[in-house]
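> Coordinates for the following, if possible.
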Amino acid sequence: MNVLILEDDKAIAAGLEYSLSQEGYSVAICGTLQEARNALGGQEPFDLLLLDLTLPDGSGYELCREAKAMQDVPVIFLTARDDEVNVVMGLDMGADDYITKPFRVRELLSRMKSVLRRYSRNEETKTALQLGPVRIQTLEAKVYKNDQEVALTPLEYRLLLTFVTNSGQVLSRNQLLEGIWDIAGDFVNDNTLTVYIKRLREKLEDDPANPLLIRTVRG
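Got it, this is the predicted structure:
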């Protein structure tokens, strides 16, 4: 299992490299955005990216966006920032989890395994899923309505996938959060989740005010 770590703090990077190597991971350490870009362009693909946000030559957000455009690789941000604006920005770019420094290595390892398990489950799902006029091509991570492609953010896509794979079931807020993100922090509140559901309805429903595809109940 190959892991790329983008971290400019040499002490943190060395500690992560040692701990992950002890768990059997093959680790590549990069201290700058450019080094990480070069590593991504190599022949060996990565199974997971651990990205710091603040770097000498840019931001981990940039690498996340570029990596997700190349392949559907899981991303976990490592950062001292934990406010909702930064969390949602990272999720919209396709991040799968967000862990705030300082953190315990065991907690990080648990988060990594959780993210990798979810990706493994997604790979085992059908290559095409249907919800009324909406079709999801899971291998391409693309969504179509009446054969017209609908542009979704990575988080909107994961939320839709959660609804479709649990069709006919009533899902709690926590179940929805577990489906779209592996950490249900206090900063992801009911209003944030409601906004994403509203976005999906506006993009997919014929009449968003009277949804037929994505329905919710109070309580």
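
> Against Ala67, how distant is the residue most central in space within the chain?
For the chain, the residue nearest the mean C-alpha position is Asp96 (2.5 Å; CA atoms, centre = their mean). Distance from Asp96 to Ala67, counting by CB to CB, to the nearest Å: 12 Å. From N, CA and C alone the C-beta is placed, and that goes for glycine too.

> again with Ala13
18 Å.

> Same question for Ser59.
Noted for Ser59: a distance of 13 Å to Ala67, by CB to CB.

> out of these two, which sits in the more crowded spot?
Ranked by neighbour count (other CB atoms under 10 Å), Ser59 and Ala67 place Ala67 first, with 23 against 15.

> quick one: which helix or strand includes Ala39?
Using DSSP states H and E, Ala39 sits within helix 33-40.

> Tell me which stretches of the chain form helices.
10-22, 33-40, 60-70, 84-92, 105-124, 154-165, 173-180, 190-204 (DSSP state H).

> Please name whichever of those helices is nearest to Met1.
helix 105-124 (7.6 Å; CB to CB).

> For the nearest residue to Phe77 once chain neighbours are set aside, the count of nearby residues, please.
When the adjacent residues along the chain are set aside, Phe77 lies closest to Tyr98, with 4.8 Å between them (CB to CB, 6 or more residues apart in numbering). By the criterion of other CB under 10 Å, Tyr98 has 25 neighbours.

> do the same with Lys142
For Lys142, using other CB under 10 Å, the count is 14.

> beta partners of the nearest residue to it once chain neighbours are set aside?
Once flanking residues are discounted, Lys142 sits nearest to Glu149: 6.1 Å by CB to CB, 6+ apart. For Glu149, the beta-bridge partners are Tyr144 (DSSP bridges).

> ok, how many other residues are close to Glu149?
Quick note: Glu149 (other CB under 10 Å) scores 12 neighbours.

> Verify the stated contact: it with Glu140.
No - the criterion here is CB atoms under 8 Å, and Glu149 misses it with Glu140 at 9.9 Å.

> What is the burial count for the residue nearest to Asn146 when sequence neighbours are not counted?
With CB to CB, 6+ apart as the criterion, Asn146 has its nearest non-adjacent residue at 5.0 Å, and that residue is Pro133. Using other CB under 10 Å, Pro133 has 14 neighbouring residues.

> Could you do Val27 as well?
18.

> quick one, what contacts the closest residue in space to Leu160 that isn't next to it in sequence?
Spatial nearest neighbour of Leu160, excluding adjacent residues (CB to CB, 6+ apart): Leu200 at 5.9 Å. Leu200 makes contact with Leu152, Glu156, Leu159, Leu160, Ile214, according to CB atoms under 8 Å, 6 or more residues apart in numbering.
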